[in-house]
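# With the input below, show me the fold.
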Amino acid sequence: MEKLTHTEEEILQAVWRTGEGNVKSFMENLDEPAPYTTIASIVKNLEKKGYLHSRLVGNAYLYKPAITEEDYKKKFMGNVVKEYFDNSYKELVNFFVEQKKLSAKELKEILTLIEKGK
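From the prediction side, this is the model:
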């Protein structure tokens with residue numbers, strides 16, 4: 001599957017929140033409004049890229065996700081770690097620590113989760 005732009009990801013998140021629906025229903029689940037024609041164009045692009053399925057109901061198309069949010073996150077995060085952190089999750093964590101985006105308390109919580117096997 002092709003990499004998505006930030007705007008495409010936002011639309012896909014609205015689709016996940018909506019479930020099956022039309023462009024107007026996706027617009028209602030967006031954090032930031034955009035013109036109908038823009039959203040409709042992006043939805044069509046997401047379908048072409050394989051992220052959405054559509055079906056014609058009457059004279060309108062209904063769309064639903066072709067990939068789960070969890071599967072997308074796995075793929076996306078795996079690519080980020082591979083491309084930016086030399087395929088090392090340790091380097092990823094180290095980056096966030098150095099950037100002061102991850103506190104010692106949060107790091108301890110992560111270690112607890114790892115030890116519990118979650």
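# only C-alpha atoms for contact and neighbour calcs from this point on.
Fine.
# Just the helices from the chain, written as ranges.
All helices of the chain, identified by DSSP state H, fall at 6-18, 23-27, 36-48, 69-84, 89-98, 104-116.
# looking at those helices, which is closest to Asn59?
Counting by C-alpha to C-alpha, Asn59 lies closest to helix 23-27 out of the helices of the chain; the figure is 13.3 Å.
# Work out the gap between that closest one and the centre of the chain.
17 Å (C-alpha atoms, centre = their mean, to the nearest Å).
# coming back round to it: any chance of a markdown table for the helices of the chain, columns mean pLDDT?
Converted to a markdown table, the helices of the chain look like this (pLDDT from 0 to 100):
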| stretch | mean pLDDT |
| --- | --- |
| helix 6-18 | 96 |
| helix 23-27 | 96 |
| helix 36-48 | 97 |
| helix 69-84 | 90 |
| helix 89-98 | 91 |
| helix 104-116 | 91 |
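# Double-check Gly21 against Val57; I have them as touching.
No - with contacts counted by C-alpha atoms under 8 Å, Gly21 stays clear of Val57, the gap being 10.8 Å.
# Have a look at these two and say which one is more surrounded.
The neighbour comparison of Gly21 against Val57 (other C-alpha atoms under 10 Å) goes to Gly21, with 16 against 8.
# any idea of the pLDDT on the more buried one?
We note a pLDDT of 97 for Gly21 in this prediction.
# Is it bridged to anything, and to what?
Here Gly21 sits in beta bridges with Tyr63, going by DSSP bridges.
# Next one: it relative to Lys48, how far apart?
Distance, Gly21 to Lys48, by C-alpha to C-alpha, to the nearest Å: 17 Å.
# How is the protein divided into domains?
Domain assignment of the chain by automatic domain parsing yields the ranges 6-65, 85-118.
# Just give me the neighbour total for Leu113.
By other C-alpha under 10 Å, neighbour count at Leu113 equals 11.
# Let me fix that, I meant to ask about Asn79.
So Asn79, with other C-alpha under 10 Å, has 14 neighbours.
# likewise Pro33?
Around Pro33 there are 10 residues (other C-alpha under 10 Å).
# quick one: contacts for the closest residue to it other than its chain neighbours?
Leaving out its chain neighbours, the residue that sits closest to Pro33 by C-alpha to C-alpha, 6 or more residues apart in numbering is Met27, at 6.8 Å. Met27 makes contact with Ala14, Pro33, Ala34, Tyr36, Ile39, according to C-alpha atoms under 8 Å, 6 or more residues apart in numbering.
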